[in-house]
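Visitor: when you get a sec, could you give me coordinates for this:
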Amino acid sequence: NPGVGSPALQHAYAATTYQAQGSTAERAYVMADPSMDRQEMYVAASRSKGETWFYATPEIDLERAEYAPVVPGREGLDHIAAAAERDGAQVSAHDLALRTKLEGLSSPELSRLRQLCDGIGGRVTGSPAFQRAVQWGLDGFKAAGVAAHVEPFTLRNGWAAGPVDIRITGPMGFSPKATSWGWSAPCDGRFTILDGGDGSDAALQALGAKAKGAFVYLSSEPMTTPEALFGEYLTTSRQAARLRALGAAGLLAQSTRPLKLLYRHLDPLVADGAVSSLVELQVAREDGARLARLLKDRPVRARIRAANRVSGPTAAGDVVGEIPGTDLKDEVVLIGAHLDSWDLGTGAIDDGAGDAIVAAAGRLIAQLKTRPKRSLRVVLFGAEEMDYSGPAYAKAHAGEVPRIVLAAESDFGALGFSSSDVARPVASK
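Guide: Numbers count the residues shown, from 1 in each chain. This next block holds a predicted model:
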């Protein structure tokens, strides 16, 4: 019935679903504009549970919809998709985006995400928890009907955080709350703590020979934006390099998170499981501020113990799912997320959510009756937090780089889109 909902259908940025009022058609196919190509503007209507739905499958901007969408539910959506495929419609990326949105909280990936984050928890590369996460990834691909395997790699060292105990010498009995950075060396001894101020090159250079064999406390500004987080990685890397050159035993970095909140990251100069020669610890922000006040008067002596465990060469790997294409099967679209996470939390945002997002995309594409022209590769990278998976994967697959037409990673939840200056014009099309 071309008259039903026609004002909406004539708009290129109309909402993706409509309830067709008064229609008695079991199924209908309506073109928004006869001059448009069938695959650019294709609408299928299907009755589901007593209601008729129109479904647009073209280049529709879901965020700029001018009409309130009505959600047909999974059963109706499957019926619509099947009707479209029978009629030879080309399934678009927006079809898959809509299917994912409509599944919402009923998505099987949400339940699996709870298993990953609550049941397994933090998963440092190479740890027993990480190995359970690898099996979680393989099981998920198998359940979705996606062929999967593990591409192994070996870290120079496995690492597990142990308790950190800092006891300031003196009558106050002050023990700052602290934790280790990833792949920091263990230590147990009595040390002098010096004030390194804000950790600028000038402040650290001013310590001179006094820094040799000492721990240096570094103050910080509160972190309020994602950009500040990445800035912190670069800053701490520079500070650690400077302190190594001065012969310091270790650093105590003030947490950029509020109150007693601790987190973990890696010195970017420590790669592929190498253990830092510098003992790198983080002190809770509130306790760090107290320590800084004490250091204004004089250097402080402390007993510092970090019981980190280093285990030598350790096996790990990436979990890879493959969906073969058809006409252009030698060309690969690669989507990924990272399976590893630090162990002070459960790795929900960084990057369990990304794992669920790409797994859902792979499952939905695998369920299509019309296979995609290009092959799809879904990779759950195993060592992103230590900046190892990317370079290792690129090296292992260097010969097929010309065939990878698009690569995208979902990280940090779904906070937005970013790309390189080279990729942005292509990705925006």
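Visitor: please enumerate the helices of the chain.
Guide: 6-9, 73-86, 93-103, 108-114, 128-143, 201-205, 226-246, 285-295, 353-367, 389-396, 424-427 (DSSP state H).
Visitor: where does the protein have low pLDDT?
Guide: For the chain, the stretches flagged by pLDDT under 70 are 1-106, 414-417, 427-429.
Visitor: what's opposite the nearest residue to Pro313 once chain neighbours are set aside in the beta bridge?
Guide: Once flanking residues are discounted, Pro313 sits nearest to Thr154: 5.5 Å by C-beta to C-beta, 6 or more residues apart in numbering. C-betas here are computed from N, CA, C, even on glycine. Note on Thr154: beta-bridge partners by DSSP bridges are Ala315.
Visitor: phi first, then psi, for Pro324.
Guide: Note on Pro324: backbone dihedrals following degrees, to the nearest 10 are phi -70, psi 140.
Visitor: skipping its backbone neighbours, what lies nearest it in space?
Guide: Counting by C-beta to C-beta, 6+ apart, the residue nearest Pro324 is Ser375, at 5.3 Å.
Visitor: where's the one you found relative to Val320, distance?
Guide: 12 Å (C-beta to C-beta, to the nearest Å).
Visitor: ok, now Ile335?
Guide: 11 Å.
Visitor: residues shared between the contacts of those two?
Guide: Counting by C-beta atoms under 8 Å, 6 or more residues apart in numbering, the common neighbours of Ile335 and Val320 are Arg377, Val378, Val379.
Visitor: what's the closest of these to Ala366?
Guide: Using C-beta to C-beta, the shortest approach to Ala366 within the shared contacts of Ile335 and Val320 belongs to Val378, at 9.5 Å.
Visitor: contacts only, for that closest one.
Guide: Val378 makes contacts with Phe141, Val146, Val320, Gly321, Glu322, Ile323, Ile335, Gly336, Val358, Ala359, Ala361, Gly362, as judged by C-beta under 8 Å, 6+ apart.
Visitor: now the third one, which residues is it bridged with?
Guide: Read that as Val320. On the basis of DSSP bridges, Val320 is bridged to His149, Val379.
Visitor: quick one: neighbours of it, just the number.
Guide: 22 (other C-beta atoms under 10 Å).
Visitor: pretty sure Ser180 is touching Arg309, no?
Guide: No - in this structure Ser180 lies outside contact range of Arg309 using C-beta atoms under 8 Å: 10.7 Å.
Visitor: hey, what's in contact with both of the two?
Guide: Gly162.
Visitor: neighbour-wise, which of these two wins?
Guide: Neighbours were counted for Ser180 and for Arg309 using other C-beta under 10 Å; Ser180 has more, 25 against 11.
Visitor: how about the strands in the stretch 201-350 of the chain?
Guide: Taking DSSP state E, counting those that start in this stretch as the test, the strands found in the stretch 201-350 of the chain are 215-218, 250-254, 279-283, 300-306, 309-310, 314-323, 328-338.
Visitor: can you redo those as a markdown table with distance to Leu110?
Guide: Listed next are those as a markdown table, based on distance: least, C-beta to C-beta, whole Å:
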| stretch | distance to Leu110 |
| --- | --- |
| strand 215-218 | 40 |
| strand 250-254 | 36 |
| strand 279-283 | 32 |
| strand 300-306 | 37 |
| strand 309-310 | 34 |
| strand 314-323 | 19 |
| strand 328-338 | 15 |
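Visitor: out of those, nearest to Ala129?
Guide: Closest approach to Ala129 among the strands of the stretch 201-350 of the chain (C-beta to C-beta): strand 314-323, 11.8 Å.
Visitor: still on that earlier bit, nearest to Asp272, out of the strands of the stretch 201-350 of the chain?
Guide: Asp272 lies closest to strand 314-323 among the strands of the stretch 201-350 of the chain, at 10.6 Å (C-beta to C-beta).
Visitor: packing partners for that closest one?
Guide: Other elements packing on strand 314-323 under the criterion 3 or more C-beta pairs under 8 Å, 6 or more residues apart in numbering; DSSP states H and E are helix 128-143, strand 147-155, helix 353-367, strand 374-381.
Visitor: check the gap between the closest residue to Leu234 other than its chain neighbours and Gly208 for me.
Guide: Sequence neighbours aside, Pro268 is the residue nearest to Leu234 in space, at 7.4 Å (criterion: C-beta to C-beta, 6+ apart). According to C-beta to C-beta, Pro268 and Gly208 sit 26 Å apart.
Visitor: angles on the backbone of the closest residue to Ser311 other than its chain neighbours, please.
Guide: Nearest non-adjacent residue to Ser311, counting by C-beta to C-beta, 6+ apart: Gly158, 3.8 Å away. Dihedral pair for Gly158: phi -80, psi 160, per degrees, to the nearest 10.
Visitor: residue contacts, the residue positioned nearest the centre of the chain?
Guide: Centroid-nearest residue in the chain, with C-alpha atoms, centre = their mean: Asp411, separated by 2.4 Å. Asp411 makes contact with Ala337, His338, Asp350, Asp351, Gly354, Glu384, according to C-beta under 8 Å, 6+ apart.
Visitor: related to what we said a few turns ago, neighbour-wise, which of the contacts of Val378 leads?
Guide: Compared across the contacts of Val378, Ala359 has the highest neighbour count, 29 neighbours, by other C-beta under 10 Å.
Visitor: picking up where we left off before, pretty sure the residue nearest to Ser311 is touching Ala274, no?
Guide: No - using C-beta under 8 Å, Gly158 is not in contact with Ala274, being 12.0 Å away.
Visitor: comparing those two, which shows the higher neighbour count?
Guide: Under the neighbour definition other C-beta under 10 Å, Gly158 and Ala274 were set side by side, and Gly158 has more, 21 against 14.
Visitor: need the contact list for that one.
Guide: Gly126, Ser127, Gly273, Val310, Ser311, Gly312, Pro313, Thr314.
Visitor: what's the closest of these to Leu344?
Guide: Using C-beta to C-beta, Ser127 comes nearest to Leu344 of the contacts of Gly158, at 13.2 Å.
Visitor: now the closest one. Nearest residue, chain neighbours left out?
Guide: Nearest to Ser127 is Ala160, by C-beta to C-beta, 6+ apart, at 6.3 Å.
Visitor: who touches that neighbour in this structure?
Guide: So Ala160 contacts Val124, Ser127, Asn308, Arg309, Ser311 (C-beta under 8 Å, 6+ apart).
Visitor: if I look at it, how far off is Val275?
Guide: 12 Å.
Visitor: what residues are shared contacts of these two?
Guide: In contact with both Ala160 and Val275: no residue, using C-beta under 8 Å, 6+ apart.
Visitor: what are the phi and psi angles of Asp411?
Guide: Note on Asp411: backbone dihedrals following degrees, to the nearest 10 are phi -130, psi 160.
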